[in-house]
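Colleague: What follows is a predicted structure for the sequence shown.
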Amino acid sequence: MKRFAIGFGVVLLAALVAFFVFAPAYVERDMNVVDGLPLPPVSDEARALHETLTIVDLHGDTLLWKRDMLEAADRGHIDLPRLREGSVALQVFSSVTKTPRDQNYDNNTGETDNITLLAIGQLQPLRTWTSLLERTLWHGKRLEEAASRSDGQLALVRTPSDIVPVRAPDDSGAPVAAMLSVEGLHNLEGDLDNLDVLYDAGVRMAGLVHFFDNDLAGSMHGVDKGGLTPMGREAVRRMEAMGIVIDVAHCSHACVADVLAMAQRPVVSSHGGVQATCPVNRNLTDAEIRGVAATGGVIGVGYWEGAVCDTSPAAIVAAMAHIRDLVGIDYVALGSDFDGTVTTRFDTAGLVHVTQGLMDAGFTDEEIRAVMGGNALRVLERGLEPVVDADLPPPEIAT
């Protein structure tokens with residue numbers, strides 16, 4: 001009997017080890033997919049232009065997954081080698097801290113959470129198992145550690161001056177820049193002073209909501225889908241003063257309207273699409289596009305079906321063309337949502353397909369430069385600057 005118990009214990013231990021070693025990779029491989037469907041050929045002209053671009057992606061969820069972003073991976077969409085191959089100069093990495101079970105675009109509550117199981121399965125620190133704030137702090141620490149281990153190949157963005165040296169086309173040895181954002185401020189855990197904690201951790205962009213309503217605002221995918229709460233209005237005011245860019249992706253229509261009505265600085269929609277080319281509820285109406293443009297902000301167009309109703313470069317470019325034709329080229333940007341449990345046609349190494357798609361649609365070289373990164377850099381340089389004469393004193397920059 002004792003021998004049986006020991007044998008059973010060994011088998012159980014082996015099963016647990018196998019689970020914690022292999023399950024996270026299996027889960028991600030099933031969730032972050034490249035569909036493998038045909039892509040149009042890329043011309044020599046497109047490749048040559050692509051290599052001269054300064055490319056910025058406003059949204060990727062790589063920090064959610066248990067893998068080393070500095071190493072080439074056989075799963076997911078983003079890692080440093082693929083960022084290099086895709087000629088990305090700046091990647092915004094989002095912290096996802098909570099998602100509802102049976103997540104959908106229409107109606108979710110905040111009563112359940114998938115990320116807790118992921119945190120346990122990935123053997124993250126115990127503090128992240130019960131605290132949404134600690135999950136973001138863990139993501140920020142992971143990004144800092146990756147930069148410190150990168151031998152100068154990955155550099156953190158925390159101030160406008162960090163934007164200035166973003167890799168120039170003629171400097172292939174320059175680091176890829178990385179900035180931390182948040183997808184939903186439910187990680188404040190009810191305390192607005194935690195904005196200072198997030199800022200010290202390197203957060204420089206934040207979406208107010210994700211897939212459910214929270215204390216700050218209604219989500220487009222929530223139950224009530226309301227506007228800004230008093231706490232949400234105060235959060236917007238503080239974020240603008242601190243130099244945290246406000247992201248309206250996933251906001252309800254009422255939330256977007258309230259943010260645009262009070263915004264004093266550029267607002268972004270970091271990842272999504274437009275209703276005109278893809279009538280999915282999370283995408284922006286023409287009135288909302290005009291409102292974001294009026295703040296001087298940008299709209300990051302995504303690459304998955306929920307954003308553009310397809311995964312083809314042509315569908316991505318169609319959304320970009322609509323924004324350009326409605327409000328001008330200055331308000332179009334990239335917002336892949338890579339590694340965000342989405343299926344795309346290509347990973348970040350294949351961004352040349354967007355360049356080719358823009359060329360095929362008749363965008364000029366200067367328009368392509370603006371879309372692929374110039375517009376986003378303009379907004380980030382302005383948005384990251386703390387307001388010295390605001391009611392709240394700007395926080396000290398973490399070093």
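Modeller: Cool, got the structure.
Colleague: For the residue nearest in space to the middle of the chain, list the residues it contacts.
Modeller: Nearest to the mean C-alpha position of the chain, by Cα atoms, centre = their mean, lies residue 59 at 2.2 Å. By Cβ atoms under 8 Å, 6 or more residues apart in numbering, the contact list for residue 59 reads 92, 94, 181, 249, 270-271, 300, 302, 335-338, 340. C-beta coordinates here come from the backbone N, C-alpha and C atoms, glycine included.
Colleague: mind checking which helix or strand it is in?
Modeller: Using DSSP states H and E, residue 59 maps to strand 55-60.
Colleague: which is the next helix or strand following that strand?
Modeller: Downstream of strand 55-60, the next assigned helix or strand under DSSP H and E is helix 80-85.
Colleague: So which bits of that next one are buried?
Modeller: By 16 or more other Cβ atoms under 10 Å, the buried positions in helix 80-85 come out as 80-85.
Colleague: quick one on the thing from earlier: what's the separation between the residue nearest to the centre of the chain and residue 300?
Modeller: Noted for residue 59: a distance of 6 Å to residue 300, by Cβ to Cβ, to the nearest Å.
Colleague: Give me the common contacts of these two.
Modeller: Overlap of the contact sets of residue 59 and residue 300 (by Cβ under 8 Å, 6+ apart) consists of 249, 270-271, 335-336.
Colleague: So which of those residues is the closest to residue 286?
Modeller: Nearest to residue 286 out of these is residue 249 (Cβ to Cβ; 17.1 Å).
Colleague: Find the nearest non-adjacent residue to residue 111, please.
Modeller: Nearest residue to residue 111, sequence neighbours excluded (Cβ to Cβ, 6 or more residues apart in numbering): residue 100, at 7.4 Å.
Colleague: next one: residue 382
Modeller: The spatial neighbour of residue 382 that comes closest, neighbours along the chain excluded (Cβ to Cβ, 6+ apart), is residue 266 at 5.7 Å.
Colleague: what ranges do the helices span in the stretch 1-150 of the chain?
Modeller: Secondary structure of the stretch 1-150 of the chain, counting by DSSP state H, counting those that start in this stretch: helices at 2-31, 44-50, 80-85, 115-121, 127-130, 132-148.
Colleague: show me what contacts the closest residue to residue 311 other than its chain neighbours?
Modeller: Spatial nearest neighbour of residue 311, excluding adjacent residues (Cβ to Cβ, 6+ apart): residue 345 at 4.0 Å. Counting by Cβ under 8 Å, 6+ apart, residue 345 touches 34-35, 37, 39, 303, 311-313, 353.
Colleague: Could you check how far residue 345 is from residue 282?
Modeller: 19 Å.
Colleague: sorry, back to before: from the shared contacts of residue 59 and residue 300, which is closest to residue 66?
Modeller: residue 336 (20.4 Å).
Colleague: residues touching the closest one, list them.
Modeller: By Cβ under 8 Å, 6+ apart, the contact list for residue 336 reads 57, 59-60, 77, 271, 300, 302-303, 344, 348.
Colleague: Could you identify the most distant pair in these?
Modeller: Distance extremes for these: the farthest pair is 77 and 300 at 15.0 Å, using Cβ to Cβ.
Colleague: What ranges does the stretch 201-350 of the chain have for its helices?
Modeller: 230-242, 253-262, 286-294, 305-308, 313-327.
Colleague: Throw those helices into JSON lines and include distance to residue 379, thanks.
Modeller: Shown next, in JSON lines, are the helices of the stretch 201-350 of the chain (distance: least, Cβ to Cβ, whole Å):
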{"stretch": "helix 230-242", "distance to residue 379": "13"}
{"stretch": "helix 253-262", "distance to residue 379": "15"}
{"stretch": "helix 286-294", "distance to residue 379": "10"}
{"stretch": "helix 305-308", "distance to residue 379": "19"}
{"stretch": "helix 313-327", "distance to residue 379": "14"}
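Colleague: so can I have CSV of those helices showing mean pLDDT and distance to residue 199?
Modeller: Formatted as CSV, the helices of the stretch 201-350 of the chain follow (pLDDT from 0 to 100; distance: least, Cβ to Cβ, whole Å):
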stretch, mean pLDDT, distance to residue 199
helix 230-242, 98, 6
helix 253-262, 98, 19
helix 286-294, 98, 23
helix 305-308, 98, 29
helix 313-327, 98, 30
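Colleague: Those helices: which one's closest to residue 66?
Modeller: By Cβ to Cβ (comparing all of those), the closest turns out to be helix 305-308, at 24.8 Å.
Colleague: Could you point out which residue ranges in the stretch 1-150 of the chain have low pLDDT?
Modeller: Counting by pLDDT under 70, the low-confidence segments of the stretch 1-150 of the chain come to 1-26.
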